[in-house]
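Trainee: coords please:
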Amino acid sequence: MPKKTAPGNYQKLNAQPRIHQRAREIQEYGTVTHALPLELEEPVRLEMTEQLNQLLADTMTLRDLYKKSHWQVAGPTFYQLHLLFDKHFNEQSELVDTIAERIQLLGGLAIAMAHDIAETTQIERPPRGREEVPVQISRLLEAHQVIIGQCRALAKRASALGDDGTNDLAVSDVLRTNELQAWFVSEHLVNMPLVEAGGSAAAAD
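Mentor: Just a heads-up that it's a prediction; the model follows:
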């Protein structure tokens with residue numbers, strides 16, 4: 001049916017896609033809207049979205065570091081670490097969505113593109129090439145340490161500002177996931193014998 005544009009005038013519908021479109025941004029990065037009745041003042045939401053975006057950038061970097069390690073891990077523990085790294089990658093991916101959705105819910109804009117993430121993250125950039133397993137794990141643990149420190153600071157600040165939702169996200173979701181992953185990964189750096197037990201008892205035998 002023709003689309004009516006004005007009294008007495010009709011325009012035929014056109015199925016041709018209108019590509020290469022550009023326009024002004026409808027919201028600038030670093031601002032918040034007032035759409036939802038959240039009972040949180042604008043300065044609070046601005047501060048929380050800024051801190052959450054830093055956490056998001058670092059979480060996305062850790063996520064990708066896990067995928068890099070998953071692809072490039074080598075050695076006798078390849079199979080175990082290959083699976084563990086991919087599991088942690090998937091869990092970090094879920095956190096990325098959780099953090100981004102909290103930012104959007106607060107009226108802000110979640111950081112998204114790789115070049116913006118690279119400019120924002122506090123996690124050290126690894127080389128493109130393959131590194132030894134102990135180095136891969138050390139990098140992952142250092143990244144976890146960055147995020148865990150952020151979570152603790154963010155949770156305290158959110159609680160002080162009355163943003164209970166952000167406080168809960170920082171503790172229940174991000175902090176606990178990162179603590180557990182750091183534990184699982186760190187155990188692979190313990191220097192334990194694989195075949196013969198060490199110590200005086202084994203030496204006596």
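Trainee: chain center to the longest helix along the chain: distance?
Mentor: Using DSSP state H, we find that the single longest helix of the chain is helix 42-72. Mean-position distance between helix 42-72 and its chain equals 4 Å (C-alpha atoms, centre = their mean, to the nearest Å).
Trainee: what ranges do the strands span in this protein?
Mentor: Assigned by DSSP state E, the strands in the chain fall at 3-6, 9-11.
Trainee: For the ones you listed, which has the smallest mean pLDDT value?
Mentor: For the strands of the chain, mean pLDDT drops lowest on strand 3-6, to a mean of 58.
Trainee: and the gap between the spatially most central residue of the chain and residue 84?
Mentor: For the chain, the residue sitting closest to the mean C-alpha position, by C-alpha atoms, centre = their mean, is residue 59 at 2.6 Å. As judged by C-beta to C-beta, to the nearest Å, residue 59 and residue 84 stand 18 Å apart. In this view, the C-beta of every residue, glycine as well, is placed from N, C-alpha and C.
Trainee: Repeat that for residue 20.
Mentor: Residue 20 is 44 Å from residue 84, by C-beta to C-beta.
Trainee: Looking at these two, which one has more neighbours?
Mentor: Taking neighbours as other C-beta atoms under 10 Å, residue 20 and residue 84 compare with residue 84 leading, 19 against 5.
Trainee: shouldn't the more buried one be in contact with residue 186?
Mentor: No. Proximity of residue 84 to residue 186 does not meet the contact threshold set by C-beta atoms under 8 Å, at 11.8 Å.
Trainee: which one is residue 186 nearest to, not counting chain neighbours?
Mentor: Closest residue in space to residue 186, ignoring its immediate chain neighbours: residue 141 at 5.9 Å, by C-beta to C-beta, 6 or more residues apart in numbering.
Trainee: what about the one you found, distance to residue 155?
Mentor: Separation of residue 141 from residue 155 (C-beta to C-beta) stands at 21 Å.
Trainee: Any stretches of the chain with poor pLDDT?
Mentor: 1-10, 35, 200-205 (pLDDT under 70).
Trainee: any idea where the helices of it begin and end?
Mentor: Using DSSP H, helices in the chain cover 42-72, 78-105, 114-120, 133-161, 164-168, 176-186, 200-204.
Trainee: now the angle between helix 78-105 and the fourth one, please.
Mentor: Direction vectors for helix 133-161 and helix 78-105, defined by axes from the mean of the first three to the mean of the last three C-alpha atoms, to 10 degrees, enclose an angle of 20 degrees.
Trainee: now for helix 133-161, which elements pack on it?
Mentor: helix 42-72, helix 164-168, helix 176-186 (3 or more C-beta pairs under 8 Å, 6 or more residues apart in numbering; DSSP states H and E).
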